[in-house]
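> Build the 3D model from these lines:
(one chain, ligands or ions: 1)
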Amino acid sequence: MENLISLVNKLQRACTALGDHGEESALPTLWDALPSIAVVGGQSSGKSSVLESVVGKDFLPRGSATMENLISLVNKLQRACTALGDHGEESALPTLWDALPSIAVVGGQSSGKSSVLESVVGKDFLPRGSGIVTRRPLVLQLHRIDEGREYAEFMHLPKKKFTDFAAVRKEIADETDRETGRSRQISTVPIYLSIYSPNVVNLTLIDLPGLTKVAIGEIANLNVCMSFLVIILIVLIIVDGQSESIVQDIENMVQSYIEKPNCIILAISPANQDLATSDAIKISREVDPKGERTFGVLTKIDLMDKGTDAVEILEGKSYKLQFPWIGVVNRSQADINKNADMISARRREREYFSSTPEYQHLSHRMGSEHLGKVLSKHLEHVIKSRIPGLQSLISKSIIELETELSRLGKPVATDAGGKLYMTMEICRVFDGIFKEHLDGTRAGGDKIYSIFDSQLPAALKRLQFDKHLSLDNVRKLITEADGYQPHLIAPEQGYRRLIESTLVTIKGPAEAAVDAVHAILKELVHKSIGETMASSQTVPIILCFVICSYYTEGNTELKQYPTLRVEVANAACEALERMKEESKKATLQLVEMEYSYLTIDFFRKLPQDVEKGGNPTNSIFDRYNDAYLRRIVGSILIKVVLLSQTGSTVLSYVNMVCAGLRNSIPKSVVYCQVREAKRSLLDHFFAELGTKEVKQLGKLLDEDPAIMQRRVNLAKRLELYRAAQSEIEAVAWSK
Ligand SMILES: Nc1nc2c(ncn2[C@@H]2O[C@H](COP(=O)(O)OP(=O)(O)OP(=O)(O)O)[C@@H](O)[C@H]2O)c(=O)[nH]1
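Numbers count the residues shown, from 1 in each chain. Got it, this is the predicted structure:
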């Protein structure tokens, strides 16, 4: 039996070595066929303990992994936010940073903020000196590691691990100067520092510049002598690069961090100063009047005057906060100068509280180690309570980002094939929209019909053939056509001239119809360009061309690519121009055809008419009298009588031809322009596109750099939010 079990063990080891873990594989898997025992159970049900008992060894990791996960998740999200430039500052994009809980350290200048931070971390790494030392927010993320050497990493130097904390201090000072240009000004752009150590608790702390009270405005309240001294001081400060506005700038910056409801305030007040004048308490009260998210920290307890103590404050009697006050004893300036190490400083601090009679009863909740633990615990609690809110914010943001991204479309392909494909797809979408306008799915095509139905007939009517065929005009034309020899039977040449000169006038309305349709087609081209969505970018390449899906999946206009937009518009308009010329030729030809050949029946009927009513023996002048001419013309006044006699007259012939042209002109226009535009609007453009090099194609798709940048930002943010969503879900489920 033992052999059998060890055989299975051996086989399982071999499977693992071959990468066969029972996961999906194209090869038959042996792993799945081997028997094994899986330990299942709820969280903290004792799975690991059962396993360890079976093995008889203590070898599995333990602890409140979920809680640690929470803080490291928030740390991760904060780092990701920073990488995306999301510092919680004003941005058109939804910001996750603001929703993430953080701890901001605030207090007056030299109140001991940096010392508290260093004590919590247990490392000496922050720049020290006179004046305003902290001039940029320092976002300090503490990561607890199980073992190994502690190290620090800056966000702006991602690949560099700092094991020497003096170098960390130097880098903070240098990076501050890089941003503020050694001008001693302050900057709101944070420095991100991560410290990995087995001696820290998971925590994110933000060190902010110290609040200061020196301001020009306060000089007025001082006596002359003092004012003089302060002015000299301020001049010195200004010479040193610090302007008066710095006081306000610092206050604004601190305020902007701590006013966010998710910010936990670590208010640092020195015990050797009156608490009533504490900058930290003053500013935190403004944003958190009930003290619901303010932790009061009292520094410099060891520096209090002899005979005084901080017991009243630490017991919450003189100034009550929701959370108990925590007293700390940091390294003094002398300790710093002597390079006293943090471990012994922490030990001395512990000893101070346990051995000072006034504080002995409070010693279990004093000191920087205790502070670190309290903050970590509180942060966990806050994060936990924020999870539902975070989840809904992230889900909402994901939807918003996806919508916006699909509106912007996919980025331009880099290779020639991809660029060509994208250009063609955009053109095809444009072409589809243009056709829809003509076919009635979209508005605009109906205007063409209204030209044929009302404008052309109205224009033909306005020609007033009867007026053109006035007796004087008829006489003139017939006489001219007869030349030196009057006609014998019928004035054929005269008829021809009359008809020709009348029908020629139809060219005007015919040409106008061509031009009007051309104008409408051009208008529809521009309309379609405006409506063209770069939806080819949102539809997977394998999908066939389904226009309706383009309309629903995205609505980025062709104007996203200004050059392509212009080129497509030009190509389409040039094509329409060519079609217009063809149409004009064909349509005018229709009119010309009508006067080039007159229907023969018309002439055959004329001699009979002459026989019936005319008198060929009359002199030429008699035959050209008004009655005779009127008969030729068939003027409206006498047309009833004369039409019945002559059967055909110039006017009726012209009207007959005109009625025919009224039908055939639209046919010609539609054939040459509308049908042709639907068929081959961009044929020339496509032919030219095929000959273009990748560079020229790139120029066509010269997207607005701002849009490109926005797409990149949105995509990164979406990636972050999706990752955050799955991580938060994992934590939320295991809560
Ligand atoms: N004796 C003693 N000295 C302290 C204590 N806390 C801070 N100090 C000293 O007070 C001075 C100022 O401390 P910092 O931690 O630099 O103060 P800060 O608030 O960070 O200063 P800025 O960032 O410049 O505003 C330093 O010399 C510290 O050594 C303390 O609890 N006891």
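> Low-confidence stretches in the stretch 151-300 of the chain?
Residues of the stretch 151-300 of the chain that meet the criterion pLDDT under 70 lie in 182-184, 213-244.
> mind listing the strands for it?
Assigned by DSSP state E, counting those that start in this stretch, the strands in the stretch 151-300 of the chain fall at 151-154, 157-162, 191-197, 203-207, 263-270, 294-299.
> What helices and strands are in contact with the fifth one?
In this case it means strand 263-270. Using 3 or more Cβ pairs under 8 Å, 6 or more residues apart in numbering; DSSP states H and E, the elements in contact with strand 263-270 are strand 102-107, helix 113-121, helix 279-287, strand 294-299, helix 368-408. C-betas here are computed from N, CA, C, even on glycine.
> give me the residue from the protein nearest the ligand.
Per Cβ to the nearest ligand atom, the residue of the chain with the smallest distance to the ligand is residue 210, at 2.4 Å.
> OK, contacts around that residue?
Counting by Cβ atoms under 8 Å, 6 or more residues apart in numbering, residue 210 touches 107-111, 113, 132-134, 250, 279.
> Among these, which ones lie close to the ligand?
The subset of these within reach of the ligand, counting by Cβ under 6 Å from any ligand atom, consists of 107, 109-111, 113, 132-134.
> Among those residues, name the ones in helices.
Among those, the subset assigned to helices under DSSP state H consists of residue 113.
> possible to save the ones next to the ligand among the contacts of residue 210 as a markdown table with neighbour count and pLDDT?
What follows is these, written out as a markdown table (neighbours: other Cβ atoms under 10 Å; pLDDT from 0 to 100):
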| residue | neighbour count | pLDDT |
| --- | --- | --- |
| 107 | 27 | 91 |
| 109 | 18 | 86 |
| 110 | 19 | 85 |
| 111 | 25 | 88 |
| 113 | 29 | 89 |
| 132 | 21 | 71 |
| 133 | 18 | 77 |
| 134 | 23 | 83 |
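> how about low-confidence regions in the stretch 551-700 of the chain?
Filtered on pLDDT under 70, the stretch 551-700 of the chain yields the residue ranges 551-559, 602-649.
> try 50
Confidence mapping of the stretch 551-700 of the chain against pLDDT under 50 gives the ranges 551-556, 607, 609-611, 613-621, 635-648.
> Correct me if wrong: residue 710 contacts residue 408.
Yes: counting by Cβ atoms under 8 Å, residue 408 is a contact partner of residue 710 at 6.7 Å.
> So these two - more neighbours on which side?
Per other Cβ atoms under 10 Å, whichever of residue 710 and residue 408 has more neighbours is residue 408, with 21 against 16.
> residue boundaries of the helices in the stretch 451-600 of the chain?
Here the stretch 451-600 of the chain has its helices, by DSSP state H, counting those that start in this stretch, at 456-461, 465-468, 471-482, 492-503, 507-531, 547-553, 562-596, 600-613.
> nearest to residue 316, of those?
When the helices of the stretch 451-600 of the chain are compared for distance to residue 316 using Cβ to Cβ, the nearest one is helix 547-553, at 60.3 Å.
> neighbours around residue 665, how many?
26.
> where's it, which helix or strand?
Per DSSP states H and E, residue 665 falls inside helix 650-669.
> Can you name every helix or strand that that helix contacts?
Against helix 650-669 (3+ Cβ pairs under 8 Å, 6+ apart) you get helix 456-461, helix 465-468, helix 492-503, helix 507-531, helix 562-596, helix 626-633, helix 639-646.
> so which of those helices gets nearest residue 373?
Closest to residue 373 of these is helix 562-596 (Cβ to Cβ; 59.1 Å).
> Pull out the buried positions in that closest one.
Across helix 562-596, burial judged by 16 or more other Cβ atoms under 10 Å covers 564-565, 567-569, 571-573, 575-576, 579-580, 582-584, 586-588, 590-591, 594-595.
> what's the answer for stretch 137-151, then?
Within stretch 137-151, the residues that qualify as buried by neighbour count (16+ other Cβ under 10 Å) are 137-144, 150-151.
> now, which of those residues lie within helices?
Of the buried residues of stretch 137-151, none are assigned to helices by DSSP H.
> Filter these down to the ones in strands?
Residues from the buried residues of stretch 137-151 lying in strands, with DSSP state E as the criterion: 138-144, 151.
> since we're on residue 172, how many residues are nearby?
Counted with other Cβ under 10 Å, residues neighbouring residue 172 total 23.
> My read is that it contacts residue 127, right?
Yes: the criterion here is Cβ under 8 Å, and residue 172 meets it with residue 127 at 5.5 Å.
> Can you tell me the SS state at residue 684?
helix (DSSP: H, G, I helix; E, B strand; the rest coil).
> how about it, what does it touch?
Applying Cβ under 8 Å, 6+ apart, the residues near residue 684 are 571, 574-575.
> and the helices of the stretch 451-600 of the chain as a markdown table, adding distance to the ligand?
Below are these laid out as a markdown table (distance: least, Cβ to the nearest ligand atom, whole Å):
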| stretch | distance to the ligand |
| --- | --- |
| helix 456-461 | 85 |
| helix 465-468 | 99 |
| helix 471-482 | 104 |
| helix 492-503 | 98 |
| helix 507-531 | 57 |
| helix 547-553 | 53 |
| helix 562-596 | 51 |
| helix 600-613 | 109 |
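> Can I get those in CSV including distance to residue 718?
Output for those, formatted as CSV (distance: least, Cβ to Cβ, whole Å):
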stretch, distance to residue 718
helix 456-461, 55
helix 465-468, 71
helix 471-482, 78
helix 492-503, 68
helix 507-531, 27
helix 547-553, 17
helix 562-596, 26
helix 600-613, 78
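> Having no further points to raise, I will conclude here.
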